[in-house]
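K.L.:
output the structure for:
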Amino acid sequence: MAETTNFELVSPEKLLVSQPVEMVVVPGTEGYFGVLPRHAPFISTLIPGVIQIYEGGQIKERIFVAGGFAEVTEDRCTVLADEAVPLDEIDRAEVEQRIKTQKEDLADAKSDAEKAALQARLDVSNAMIRALDTGH
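P.N.:
Modelled structure (predicted):
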């Protein structure tokens, strides 16, 4: 049996994943990074993208995260996600409608702060569509 590391994915709503994995690939701000057993410790912020969980040398599960933080130690990778949804549970039509509404809201926004908040939500929705198209 392959060596494993512990992986936990936590969203504000619940603990989504807590299991040993062969490898997990995470969308870090500086680029996607893979975590294997005995990884060097570090902390990273996350960008909207897909976490890939590997088992048997293959991707077992894909989970979209909207951002957050990851902490890696020699025996664990913990992700605290702003939002997390299994890729196969994302409804493309719903996300496309959300993008349309967000673009309209952005066009109507008055303040810079409101525009920035709306643009951030639009960026996450666009990342969801890219994730559905590419798997990452």
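
K.L.:
bridged to Val10, which residues?
P.N.:
Per DSSP bridges, the residues bridged to Val10 are Leu15, Leu80.

K.L.:
contact partners for it?
P.N.:
By C-beta atoms under 8 Å, 6 or more residues apart in numbering, Val10 lies in contact with Leu16, Thr78, Val79, Leu80, Ala81. For glycine as for every other residue, the C-beta is placed from the backbone atoms N, C-alpha and C.

K.L.:
show the pLDDT at it.
P.N.:
Among the per-residue scores, Val10 holds a pLDDT of 96.

K.L.:
now the residue nearest the centre of the chain: closest residue in space, sequence neighbours ignored.
P.N.:
Centroid-nearest residue in the chain, with C-alpha atoms, centre = their mean: Val65, separated by 2.2 Å. With C-beta to C-beta, 6 or more residues apart in numbering as the measure, Ala81 is the residue that lies nearest to Val65, at 4.2 Å, once sequence neighbours are left out.

K.L.:
for the one you found, give its distance to Pro37.
P.N.:
Noted for Ala81: a distance of 22 Å to Pro37, by C-beta to C-beta, to the nearest Å.

K.L.:
now Val35: closest residue in space, sequence neighbours ignored.
P.N.:
What sits nearest to Val35 in space, not counting adjacent residues and going by C-beta to C-beta, 6+ apart, is Cys77, at 4.3 Å.

K.L.:
part of a helix, is Asp133?
P.N.:
Yes - Asp133: assigned to a helix according to DSSP: H, G, I helix; E, B strand; the rest coil.
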